[in-house]
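Colleague: model this:
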Amino acid sequence: MASSTRRRERMLQLESLEPRRALASVAGLLDTPPPVVRSVADTFGADESVSLQVGDAPQATQDVSGTGIRAIASSLDQRQAKNGEIYAAVSESGSSQIWAFTPDGSNRRQVTSKERDGLDRASHPSVSPDEMLIAFSGYIGKTADIYVVNTDGTNLRKLTSSKEGQYQVIPGFSPDGRLIAYESSRGEPSTDITHLRIIGVDGSGDRRLTPRTHGAYEDAGPKFSPRGDVILFASDRNNARGHHDLYTIKVDGSNLKRLTYGANNAYSRSWSPDGRRIVFNSQVGLNARDPGYGELRIIDADGRHQRTLTRFTRNLRFKPINPVPGKPPALRGDVTPAWSPDGKSVVLCGQSKRTGQYELFTIDLATKRRTQLTHSAPGTNHVSVAWSVLPTVGLSPA
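Modeller: Here you go, the predicted model:
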């Protein structure tokens, strides 16, 4: 009876951790963090196995042993060590377009093109979990829409259709790759009043996410949690205009929660791959006349234990710059962080100590070492960045 009870407990643990994600990872379909897979494997003896459902049909099962699950974890370790590619919006010659880089900043290749795609600007890249698609903000004249394109730059598609003067911007993929959350001024009296929406990657099911309340405010830059159950975003609701704090909301639009007070999170935010921490930009000294200067902070996913990752006092001699001439925002300091898939580092757009231009940097979270990845020609700036984050299991904080 004791053996049967232990076996049932293991089955329940496996079911709660969605083990078929780990099984599918062997075929490269889905990914689960190796520590989670390994923790499941440790509940089994080397020769003990259990039958797990790996498909929708009742008969779609597969026997897996503790040894087999450990092999899956090893396979995922190798996958995550590669850390995929970094995607950034690069501004040069009066336009910005999406470029891809390997994690050391080399092998630069262009994904979107003004001449080929007919977009004045492309910015705010988000990578699908299978690393097959890029979602981004595409600008034509005074309108902006959400686009998706293959990571090799082919098969460009527009998901939203803005009217003149409307903005649909800053997309974020869900962990299963089926949904995209984004910021929208649709139906609002001006483009600086925005709410969040969710749309299918095929353009279907477009719906409002954040609730309509009194007052003028901006809900900005949504990011699905790695688990996919909540969405992180910045908002200046209940604050002075332009002073954003961090919030979360469930995907069904319920349980709106405020995480920070006084964060001044102007330029992006990112979950850690395990969903336990958040890195974000904080504009120190932000006011109506001065954009301040950006530093990076890390908090726990429930908003507690804020700590400083980068300080920017050494570069205060640089004036705020507009990466795209004549286009807001004016930037100074460290902005737009993104966590690496292996959880060991953060990539960001920051000003070069030598030139003041915006380059790509990484911060090693263990050593706090800052490494400059790009060294660009005069007039070139890197203004927003994404790094593919593998789907995870377990629940985000309620």
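
Colleague: CA only for contacts and neighbour counts going forward, please
Modeller: Will do.

Colleague: low-confidence ranges in the chain?
Modeller: The chain contains residues with pLDDT under 70 at 1-82, 313-329, 389-398.

Colleague: can I see the domain layout of it?
Modeller: 2-80, 86-387 (automatic domain parsing).

Colleague: Which stretch among those is buried most, on average?
Modeller: Most buried of the domains of the chain by mean neighbour count (mean count of other C-alpha atoms under 10 Å) is domain 86-387; its value is a mean of 20.

Colleague: Now do the phi/psi pair for Ala288.
Modeller: phi -60, psi -30 (degrees, to the nearest 10).

Colleague: nearest spatial neighbour of Arg370, skipping sequence neighbours?
Modeller: Nearest non-adjacent residue to Arg370, counting by C-alpha to C-alpha, 6 or more residues apart in numbering: Ile363, 4.7 Å away.

Colleague: list the contacts for that neighbour?
Modeller: Neighbouring residues of Ile363 by C-alpha atoms under 8 Å, 6 or more residues apart in numbering: Ser345, Val346, Val347, Arg369, Arg370, Thr371.

Colleague: From Thr371, how far off is it?
Modeller: 7 Å (C-alpha to C-alpha, to the nearest Å).

Colleague: Please apply the same query to Phe361.
Modeller: 5 Å.

Colleague: What of Asp236?
Modeller: Asp236 sits 32 Å away from Thr371, going by C-alpha to C-alpha.

Colleague: ok, Tyr147 to Asn155 distance?
Modeller: From Tyr147 to Asn155 the distance is 10 Å (C-alpha to C-alpha).

Colleague: Also Ile193?
Modeller: Applying C-alpha to C-alpha, the value for Ile193 to Asn155 is 32 Å.

Colleague: Ok, Thr260 next?
Modeller: Noted for Thr260: a distance of 40 Å to Asn155, by C-alpha to C-alpha.

Colleague: now do Arg369
Modeller: 39 Å.

Colleague: now swap in Ser91 and tell me
Modeller: Relative to Asn155, and taking C-alpha to C-alpha, Ser91 is found at 23 Å.

Colleague: now swap in His382 and tell me
Modeller: For His382, the distance to Asn155 (C-alpha to C-alpha) stands at 24 Å.

Colleague: ditto for Ile98
Modeller: 15 Å.

Colleague: And Ala338, by the same measure?
Modeller: Taking C-alpha to C-alpha, one finds Ala338 at 26 Å from Asn155.

Colleague: again with Ser106
Modeller: Ser106 is 25 Å from Asn155, by C-alpha to C-alpha.

Colleague: And the next helix or strand past the helix or strand where Ala135 lies?
Modeller: Element membership for Ala135 (DSSP states H and E) is strand 133-140. Per DSSP H and E, strand 133-140 leads on to strand 143-150 as the next helix or strand towards the C-terminus.

Colleague: got the CA positions of that following strand in PDB?
Modeller: Presented in PDB, the C-alpha positions along strand 143-150 are these (Å, rounded to 0.1, in the frame of the first residue of the first chain):
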ATOM      1  CA  THR A 143      -0.100  55.000 -37.300                       C
ATOM      2  CA  ALA A 144       1.400  51.800 -35.800                       C
ATOM      3  CA  ASP A 145       0.300  48.200 -35.900                       C
ATOM      4  CA  ILE A 146       1.300  44.800 -34.700                       C
ATOM      5  CA  TYR A 147       3.100  42.600 -37.300                       C
ATOM      6  CA  VAL A 148       4.600  39.200 -37.200                       C
ATOM      7  CA  VAL A 149       7.400  37.900 -39.500                       C
ATOM      8  CA  ASN A 150       9.400  34.800 -39.700                       C
END
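
Colleague: in its sheet, what does the next helix or strand after it sit against?
Modeller: Next along the chain after strand 143-150, taking DSSP H and E as the criterion, comes strand 157-158. Using DSSP bridges, the strands paired with strand 157-158 are strand 143-150 (antiparallel).

Colleague: Please tell me I have it right and Gln372 contacts Phe361.
Modeller: Yes: applying C-alpha atoms under 8 Å, one finds Gln372 in contact with Phe361, separated by 4.4 Å.

Colleague: what's the distance between the residue nearest to Val251 when sequence neighbours are not counted and Ala216?
Modeller: Distances taken as C-alpha to C-alpha, 6+ apart place Val230 nearest to Val251, at 5.5 Å, with adjacent residues excluded. For Val230, the distance to Ala216 (C-alpha to C-alpha) stands at 24 Å.

Colleague: got it, and Gly262?
Modeller: On the measure of C-alpha to C-alpha, Gly262 and Ala216 end up 18 Å apart.

Colleague: And for Phe136, nearest residue in space, chain neighbours not counted?
Modeller: Nearest non-adjacent residue to Phe136, counting by C-alpha to C-alpha, 6+ apart: Pro125, 4.5 Å away.

Colleague: gap between the strand or helix carrying that neighbour and the chain center?
Modeller: When elements are assigned from DSSP H and E, Pro125 belongs to strand 121-127. Distance of strand 121-127 from its chain centroid, counting by C-alpha atoms, centre = their mean, to the nearest Å, is 11 Å.

Colleague: Tell me the strands beside that strand, with direction?
Modeller: The strands that strand 121-127 pairs with in its sheet are strand 133-140 (antiparallel) (by DSSP bridges).

Colleague: from the chain's centre, how far out does the partner strand sit?
Modeller: On C-alpha atoms, centre = their mean, the centre of strand 133-140 falls 14 Å from the chain's centre.

Colleague: Can you give the contact residues for that strand?
Modeller: When contacts are defined by C-alpha under 8 Å, 6+ apart, strand 133-140 is touched by residues 118-128, 144-151, 168-173.

Colleague: which residue sits closest to Glu164, ignoring its sequence neighbours?
Modeller: Thr143 (5.7 Å).

Colleague: Which residues are in contact with that neighbour?
Modeller: Contacts of Thr143 (C-alpha under 8 Å, 6+ apart): Ser162, Lys163, Glu164, Gly165, Gln166, Tyr167.
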